[in-house]
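[1] Next input, structure requested:
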Amino acid sequence: MEFKNVTLIAKANIYFDGKVSSRTFFTAQGERKTLGIFLPGEYEFATAAEELMQILAGTVDVRLPGETEYRRYEADSQFTVAANSRFQLKVQTVTDYCCSYRE
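    Model prediction:
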């Protein structure tokens, strides 16, 4: 995956005492995205915009809004999180991801 002609926000987004971090950038078309790393652990996130999460490397179990079971996602897989919702992650291995916001 490669992005050209982007505007990068230098300051990192850091969550959970540094166990999750990402950098925000905007594509030439104005799309907001983040590239980040999840370290192993359990996390819960809230969303404002719809998010497309692409797993680039690693293994994560995800419980999406309205679901009772976790589903496993590994490299080259993706899932969508509805806007204005919460979702849970159980990160099994260091996981590299790209998040695209659908605003």
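[2] how about the residue lying closest to residue 51 once chain neighbours are set aside, what does it touch?
    Nearest residue to residue 51, sequence neighbours excluded (Cβ to Cβ, 6 or more residues apart in numbering): residue 81, at 4.5 Å. Glycine gets a C-beta too; all of them are placed from N, C-alpha and C. Contacts for residue 81 (Cβ atoms under 8 Å, 6 or more residues apart in numbering) come out as 47, 50, 51, 53, 64, 65, 87.
[3] And those, which two are furthest apart?
    Spanning the widest gap among the contacts of residue 81 are 53 and 65, at 13.2 Å by Cβ to Cβ.
[4] Compare the two (neighbour count), which wins?
    Each of residue 53 and residue 65 has its neighbours counted (other Cβ atoms under 10 Å); residue 53 has more, 22 against 12.
[5] Residue 61 versus the more buried one, what's the distance?
    For residue 53, the distance to residue 61 (Cβ to Cβ, to the nearest Å) stands at 13 Å.
[6] Over to residue 2?
    Distance from residue 2 to residue 61, counting by Cβ to Cβ: 28 Å.
[7] Equivalent analysis for residue 101, please.
    Look at residue 101 and residue 61: by Cβ to Cβ, they are 22 Å apart.
[8] Next: residue 76.
    Going from residue 76 to residue 61 by Cβ to Cβ gives 16 Å.
[9] What of residue 70?
    Distance, residue 70 to residue 61, by Cβ to Cβ: 4 Å.
[10] Now the common contact residues for these two.
    When contacts are counted by Cβ under 8 Å, 6+ apart, residue 70 and residue 61 have residue 90 as shared neighbours.
[11] Helix, strand, or coil at residue 62?
    Of the three states, residue 62 takes strand under DSSP: H, G, I helix; E, B strand; the rest coil.
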